[in-house]
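Visitor: here is the input, now give the coordinates:
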Amino acid sequence: MAAVEPQDIAADPGEHVEHFVKFYEHDEELVQTVVPYLAVGLHSGDVTVVIATEAHRRAFETELVSNGVDIALAQANGSLLALEAESTLAAIVLDGQIDRDAFHEVIGGLIRQAANSGRRIRAFGEMVALLWDAGAVLAAIELEGLWNEIGHELEFSLFCAYPSASVVGHEHAEALQQVCRMHSSVVHNPSAGAGAIPGQLPPKELAASFPAECQSPGRARRLAASELRRWGYDEELVNEAILVLSELASNAVIHAGSPFTIRVQSHDSLLRIAVRDRCPSLATANGERGLLVRAPHGLAVIQALSTQWGVQDTPDGKIVWAELRVV
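Guide: I've put the predicted structure just below:
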C-alpha cells in the first residue's frame with residue numbers, strides 16, 4: 001500500500017492506483033476529490049460507475065456539469081452508471097450479513113457488463129461507509145474484500161470513501177488499519193500523526209475480530225482468502241491457510257463459545273496464522289497447558305499442514321497459532 005496525493009487519483013488508473021481510499025472531513029472535500037476522478041473518466045470515454053448516497057450523487061452531478069459533462073448523454077450511452085448506495089446495499093445484505101452470491105450477482109454483474117464494452121472502468125463507492133456508520137464494521141471490511149475479489153477477475157479502478165469522524169478513535173484503530181491495508185493507496189489516513197506516512201503501515205498483515213456466531217468462521221475464512229490472494233499467494237497455499245484458519249476459528253466459536261480475533265502475518269518464507277479467544281487452554285496430563293491432538297479432529301489437520309503450531313496463554317484466554325511454509 002502506498003500513499004497518494006489527492007491530485008493524482010484523477011489520472012489514468014492503469015498508470016497509478018487500482019483500489020484506493022479517501023478519508024474526508026466534510027462533504028465539500030469529498031466532492032472536490034471525487035469529481036476530477038469521475039470527470040477524467042467520462043471525458044476519456046471510460047465507463048464510470050458511481051454508487052453513492054443521493055445527496056452525494058446530486059453534488060457530483062452538479063460539479064460534473066460545471067466540468068463540461070453532459071450527464072444525460074453519459075447515462076444514455078452507458079458511460080455513466082449511477083446507483084443509489086442505500087438501495088444497492090439493501091440488495092446485497094441478507095439477515096444483516098453481506099450475501100456473497102448477491103454481491104457477485106449485483107455488483108459483479110454491473111462491473112462485468114461495463115467490462116464487456118471493452119472500455120476502461122473506474123468506480124466510486126461508499127456502501128462500505130454506510131456499513132461502518134451503522135456499526136457494521138466487520139461487514140464493511142468484508143465488503144472491501146469482496147471488491148478485491150472482483151479485482152482479481154476484472155481490471156478497474158475503485159475509489160472508496162469514509163467520513164473521518166466515523167473511523168477515528170481507539171476502538172476503531174485495528175479495523176482502520178485493516179481497511180488501509182486492503183487498499184493499494186490511501187489518500188488521507190486520519191490515524192496518521194504529523195509527518196506520518198500512511199503507506200508505512202506494516203505490510204502483509206491481516207487482523208480482524210469476530211463475534212461468537214456460527215457465521216463468523218466463514219466470514220473470517222472469506223476475508224483471509226481475499227487478502228492472501230491479493231498478496232499474491234498461489235491457490236494451494238491459500239486453500240491450506242484458510243483450512244487452518246477455519247479450524248481455529250471454528251474451535252473458538254464451537255468449543256470455546258467465544259468471540260475471536262484472527263491475525264495472519266507474512267514473515268519471509270513463513271505464513272503465521274493465529275486465533276485469539278477468551279477461553280483458557282486446558283491442562284494436559286503432564287501438567288503443561290495446551291490442546292490435545294486427536295485424529296481426525298481439526299487440530300490433527302492443522303498439525304499435518306503446518307510446520308509448527310502451538311498455544312499461548314493470555315490473561316483473558318489463549319492464542320492458538322500455526323505456521324505454514326511459503327515455497
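
Visitor: contacts only, for the residue nearest to residue 215 when sequence neighbours are not counted.
Guide: Excluding the flanking residues, the one nearest residue 215 by Cβ to Cβ, 6 or more residues apart in numbering is residue 97, at 6.2 Å. Glycine gets a C-beta too; all of them are placed from N, C-alpha and C. By Cβ atoms under 8 Å, 6 or more residues apart in numbering, residue 97 lies in contact with 139, 215, 219.

Visitor: what is the burial count for the first one?
Guide: Per other Cβ atoms under 10 Å, the neighbour tally for residue 139 reads 21.

Visitor: who touches it in this structure?
Guide: Applying Cβ under 8 Å, 6+ apart to residue 139 gives the contacts 93, 97-98, 131.

Visitor: among the residues you listed, which two are most distant?
Guide: Using Cβ to Cβ, these reach their maximum pairwise distance at 97 and 131, which is 10.8 Å.

Visitor: show me the contacts of residue 97 that map onto helices.
Guide: 139, 219 (DSSP state H).

Visitor: turn the contacts of residue 97 into CSV, including distance to residue 261 and pLDDT.
Guide: Below are the contacts of residue 97 laid out as CSV (distance: Cβ to Cβ, whole Å; pLDDT from 0 to 100):
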residue, distance to residue 261, pLDDT
139, 17, 93
215, 16, 88
219, 13, 87
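
Visitor: and of the contacts of residue 97, the nearest to residue 116?
Guide: Distance to residue 116, by Cβ to Cβ, is smallest for residue 139 among the contacts of residue 97, at 29.3 Å.

Visitor: how much space between that closest one and residue 258?
Guide: Going from residue 139 to residue 258 by Cβ to Cβ, to the nearest Å gives 20 Å.

Visitor: repeat that for residue 218.
Guide: 17 Å.

Visitor: so in terms of bridging, what pairs with the residue nearest to residue 215?
Guide: When bridges are called by DSSP bridges, residue 97 pairs up with residue 94.

Visitor: I'd like to know how far it sits from residue 222.
Guide: Applying Cβ to Cβ, the value for residue 97 to residue 222 is 11 Å.

Visitor: equivalent analysis for residue 111, please.
Guide: Residue 111 is 19 Å from residue 222, by Cβ to Cβ.

Visitor: which one of the two is surrounded by more residues?
Guide: The residue with more neighbours, out of residue 111 and residue 222, is residue 111; 23 against 17, by other Cβ under 10 Å.

Visitor: correct me, but that one touches residue 150?
Guide: Yes - applying Cβ atoms under 8 Å, one finds residue 111 in contact with residue 150, separated by 5.7 Å.

Visitor: all helices of the stretch 201-327 of the chain, in order?
Guide: Assigned by DSSP state H, counting those that start in this stretch, the helices in the stretch 201-327 of the chain fall at 216-230, 235-254, 298-305.

Visitor: got a winner among the contacts of residue 139 for most neighbours?
Guide: Using other Cβ under 10 Å as the neighbour test, the contacts of residue 139 are led by residue 98, with 23 neighbours.

Visitor: quick one: contacts for it?
Guide: Residue 98 sits next to 92, 139, 142-143, 146 when contact means Cβ under 8 Å, 6+ apart.

Visitor: okay, and the helix or strand of this structure with the least pLDDT?
Guide: Sorting the helices and strands of the chain by mean pLDDT, DSSP states H and E puts strand 289-290 at the bottom, at a mean of 46.

Visitor: residues of stretch 174-183 that come out buried?
Guide: By 16 or more other Cβ atoms under 10 Å, the buried positions in stretch 174-183 come out as 175-183.

Visitor: restricted to helices, list those.
Guide: Counted as lying in helices by DSSP H, out of the buried residues of stretch 174-183, are 175-181.

Visitor: which of those residues lies closest to residue 208?
Guide: Closest approach between these and residue 208, by Cβ to Cβ: residue 178, at 5.8 Å.

Visitor: from the buried residues of stretch 174-183, which is closest to residue 316?
Guide: residue 175 (19.6 Å).

Visitor: distance of the closest residue to the closest one other than its chain neighbours from residue 86?
Guide: Of all residues not flanking residue 175 in the chain, residue 137 sits nearest, at 5.0 Å (Cβ to Cβ, 6+ apart). Separation of residue 137 from residue 86 (Cβ to Cβ) stands at 18 Å.

Visitor: thanks again, I'm all set now.
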